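A.B. asks: How does the following fold in three dimensions:
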Amino acid sequence: MRHKSFLDSPSRSKRGITGRVAVLGLLVVLLAACGGPTVVTSSTEPSPEVVATAWVAVMVGELLNIDGCIRIEDKASSVGYALVWTPDMSVTVEGDGIRIVSGIVRENQQEVVLHIGDTVRVSGGETKYPDEQLLRSLSPNCQEPYWVVGFEIATVQPAEKP
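C.D. replies: Numbers count the residues shown, from 1 in each chain. As a prediction, this is how the structure comes out:
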């Protein structure tokens, strides 16, 4: 017959289990701290980053104003495109003059003044479905096809004055 010792006491086995649970819990915490991604929360929301993108096709054509819609008639295809201005541009139409300030978002502002009837070179690209932000730059009279203006717009040949 075996004699009970101090090692066999119920309090000893409870201490052993409690100790093992504590070590296991500490191990779980350490593993979680080492292996997972760090999550940082902030009390303020970051401002959205503004990214200026542009299409890079090029068109040369005559600048037109048809019922308040600024268009360019492509010399190669004879198709008239409604010009869609990006948030990187500010456009002011005064009489036959069109003042365009580009580089607003890119913080590289440049100004050009074009005139109705000028032959112009415009970078950008055609779209059938401008998003809501681009549609805000259009006059209600502007119908497709649409040309989203890129970073370049310049006079190739001024309009002939009568």
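A.B. asks: So which residues of the chain form helices?
C.D. replies: Assigned by DSSP state H, the chain shows helices spanning 10-35, 132-135.
A.B. asks: Can you flag the weakest of the ones you listed by average pLDDT?
C.D. replies: For the helices of the chain, the bottom mean pLDDT is recorded on helix 10-35, which sits at a mean of 52.
A.B. asks: how close does the nearest residue to residue 149 once chain neighbours are set aside sit to residue 139?
C.D. replies: Leaving aside its chain neighbours, residue 149 sits nearest to residue 124 (4.6 Å; criterion: CB to CB, 6 or more residues apart in numbering). Every residue, glycine included, has its C-beta placed from N, CA and C. Separation of residue 124 from residue 139 (CB to CB, to the nearest Å): 18 Å.
A.B. asks: Looking at the two, which is more packed in?
C.D. replies: Neighbours per residue (other CB atoms under 10 Å) separate residue 124 from residue 139, with residue 124 holding more: 25 against 13.
A.B. asks: Could you chop this protein up by domain?
C.D. replies: Listed by automatic domain parsing, the domain ranges of the chain are 6-35, 57-157.
A.B. asks: for the ones you listed, which one ends up most surrounded?
C.D. replies: Of all the domains of the chain, domain 57-157 has the most neighbours on average by mean count of other CB atoms under 10 Å, namely a mean of 16.
A.B. asks: And residue 135, how close does it get to residue 60?
C.D. replies: Separation of residue 135 from residue 60 (CB to CB) stands at 25 Å.
A.B. asks: again with residue 138
C.D. replies: Applying CB to CB to residue 138 and residue 60 gives a distance of 22 Å.
A.B. asks: now residue 84
C.D. replies: 18 Å.
A.B. asks: What of residue 126?
C.D. replies: Separation of residue 126 from residue 60 (CB to CB): 14 Å.
A.B. asks: Same check on residue 92?
C.D. replies: Shown here: residue 92 relative to residue 60, a distance of 23 Å by CB to CB.
A.B. asks: Equivalent analysis for residue 160, please.
C.D. replies: 17 Å.
A.B. asks: Residue 116 now?
C.D. replies: Taking CB to CB, one finds residue 116 at 16 Å from residue 60.
A.B. asks: Quick check: bridge partners of the spatially closest residue to residue 114 that is not a sequence neighbour?
C.D. replies: Excluding the flanking residues, the one nearest residue 114 by CB to CB, 6+ apart is residue 98, at 4.7 Å. Counting by DSSP bridges, residue 98 forms beta bridges with residue 93, residue 114.
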